[in-house]
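> Any chance you could fold what I've pasted below:
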Amino acid sequence: MTDLQIGRDQLQQPLRAGELIGSRYRLEGIAGAGGMATVWRAYDERLQRPVAIKVISDALATNPAAVARFAREARTHARIQHPNLVQVYDYSVTAAQPYLVMEYINGCTLSEHMDRGGLSAATIHALAVELLSAIACVHDHGVLHRDIKSGNVLVDKDGHARLTDFGLARLEDSTQITRTNEVVGTLRFLAPELIEGQPASRQSDLYALGILLRTTTERADAGPLLPKLIRSLTEPDPSARPRDAHAVLAALRHSAPTKRRIAPSSSDEPTRPLRISNRRRYSSGHQLRNRTAAVSALLVAVAGTAFAVIDAGGGSPAHRNLSATAKAPARSGGTAAVTYAKSTSKTQLTIDHQLAQLAAGVRRAAKQP
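Below is the predicted model of the structure:
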């Protein structure tokens, strides 16, 4: 019997919590269900870890084409590794109900996440970067996802996006696998050219991502960049859209940095936008302010010393002939000016010497890096 020769008489009773499948995966409860498959929370008793198991529906389990597509999803998904993709661990199409074992994500779908409230601009920006990075990786492997939508994006407990469900994916250079006039995908996210019967492309995946991002901004202030990005991704003409996900990522890298942490980068494509640090600029300004304060303090000391010497020398008009003025340097680099009037008395010469020393100290402080 081949992988695809599964007879209706081999179908088991409906799966139940507590049941062991594949001799290692203990089912715990249903995490989600659709027309094509049911996703179970389960536990891998061999590797001692939680997993998610996607089990094909009874109606499709006896359909060779559906099972072939299911097997293709498993192989395609398993060979692409990225921090923002759900990892595939194992699969079987020889069981009565073919299943796919995946990484368990403790979180919810993006649709459910948005239902809980509007997202911030920083969160949407980070979401866009993470999904674009994942899509770039998928496309770099020559695969088109063809079903990018909010229901196929999981948000983990740390708030990071994970793209999943490669059930409709196909190789970019493969022959058409759908029947004539058959359109696959979710209508709301389908690019216009797909509805017209044209083949899927990288631009049609980017169009779907643009629609997804538009849904996230409906109840949020997305800032000036994201609406412009969304318009470019959802251009009706595919040739007017960005050439690939890498080009869009390049634009996002030059946007304002987000406050939310981005998932670690893969070898294929960084997921963090470049951040412009203000640390050096702040440090230089801080040092300038410190130098300015030091210069000002010395100038005050100059004036204070002058008048102290005057007071110590007596109150005669000759001694009070000394005057001292100090101009603090401007923050942009102005110079300090110290002026004083001289008399010929011995006390006055002492003052001249002390003022000269202090003025030299002022100049040294101003020149310090």
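> mind listing the strands for this structure?
In the chain, the segments counted as strands under DSSP state E are 20-21, 25-33, 37-44, 49-56, 88-92, 99-103, 107-109, 143-144, 153-156, 161-163, 170-171, 324-327, 337-340.
> Looking at these, spot the one closest to residue 127.
Nearest to residue 127, of all those, is strand 161-163, at 5.2 Å by CB to CB. (Glycine included, C-beta is placed from N, CA and C.)
> Point to the helix or strand of this protein where mean pLDDT is at its lowest.
strand 337-340 (a mean of 38; mean pLDDT, DSSP states H and E).
> related to what we said a few turns ago, could the strands of the chain go into a markdown table alongside mean neighbour count and distance to residue 195?
As requested, the strands of the chain are arranged in a markdown table below (neighbours: other CB atoms under 10 Å; distance: least, CB to CB, whole Å):
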| stretch | mean neighbour count | distance to residue 195 |
| --- | --- | --- |
| strand 20-21 | 16 | 39 |
| strand 25-33 | 15 | 27 |
| strand 37-44 | 21 | 25 |
| strand 49-56 | 21 | 27 |
| strand 88-92 | 19 | 30 |
| strand 99-103 | 23 | 29 |
| strand 107-109 | 17 | 25 |
| strand 143-144 | 22 | 16 |
| strand 153-156 | 22 | 22 |
| strand 161-163 | 24 | 23 |
| strand 170-171 | 18 | 18 |
| strand 324-327 | 16 | 74 |
| strand 337-340 | 15 | 77 |
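> And those strands: which comes nearest residue 247?
strand 143-144 (16.8 Å).
> name the helices or strands packed onto the closest one?
strand 170-171, helix 202-216 (3 or more CB pairs under 8 Å, 6 or more residues apart in numbering; DSSP states H and E).
> most packed of these?
A comparison of the helices and strands packed on strand 143-144 by mean neighbour count, using mean count of other CB atoms under 10 Å, puts helix 202-216 on top with a mean of 22.
> re earlier: same list, the strands of the chain, but as JSON lines with distance to residue 210 please.
Formatted as JSON lines, the strands of the chain follow (distance: least, CB to CB, whole Å):
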{"stretch": "strand 20-21", "distance to residue 210": "39"}
{"stretch": "strand 25-33", "distance to residue 210": "25"}
{"stretch": "strand 37-44", "distance to residue 210": "27"}
{"stretch": "strand 49-56", "distance to residue 210": "27"}
{"stretch": "strand 88-92", "distance to residue 210": "27"}
{"stretch": "strand 99-103", "distance to residue 210": "26"}
{"stretch": "strand 107-109", "distance to residue 210": "19"}
{"stretch": "strand 143-144", "distance to residue 210": "16"}
{"stretch": "strand 153-156", "distance to residue 210": "14"}
{"stretch": "strand 161-163", "distance to residue 210": "15"}
{"stretch": "strand 170-171", "distance to residue 210": "21"}
{"stretch": "strand 324-327", "distance to residue 210": "59"}
{"stretch": "strand 337-340", "distance to residue 210": "62"}
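> and of those strands, who's closest to residue 249?
strand 161-163 (14.1 Å).
> helices or strands up against the closest one?
Counting by 3+ CB pairs under 8 Å, 6+ apart, strand 161-163 packs on helix 121-140, strand 153-156.
> The same query, at a cut-off of 10 Å, please.
helix 110-115, helix 121-140, strand 153-156 (3 or more CB pairs under 10 Å, 6 or more residues apart in numbering; DSSP states H and E).
> where does the stretch 101-250 of the chain have low pLDDT?
173-185 (pLDDT under 70).
> about what we covered before: comparing the helices and strands packed on strand 161-163, which comes out most buried?
Of those, the one with the most neighbours on average (mean count of other CB under 10 Å) is helix 121-140, at a mean of 24.
> same for it, what does it pack against?
helix 110-115, strand 143-144, strand 153-156, strand 161-163, helix 202-216, helix 225-233, helix 245-253.
> nearest to residue 196, of these?
That would be helix 202-216 among the helices and strands packed on helix 121-140, by CB to CB, at 11.1 Å.
> Put the alpha carbons of that closest one into CSV.
The C-alpha trace of helix 202-216 is given here as CSV (Å, rounded to 0.1, in the frame of the first residue of the first chain):
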residue,chain,number,x,y,z
ARG,A,202,5.5,36.9,-4.9
GLN,A,203,3.5,40.0,-5.6
SER,A,204,0.2,38.2,-4.8
ASP,A,205,1.6,37.1,-1.4
LEU,A,206,2.7,40.7,-0.8
TYR,A,207,-0.8,41.9,-1.7
ALA,A,208,-2.3,39.5,0.9
LEU,A,209,0.1,40.9,3.5
GLY,A,210,-0.9,44.4,2.6
ILE,A,211,-4.6,43.5,3.2
LEU,A,212,-3.6,41.9,6.5
LEU,A,213,-1.8,45.0,7.7
ARG,A,214,-4.7,47.2,6.6
THR,A,215,-7.0,45.2,8.9
THR,A,216,-4.6,45.9,11.8
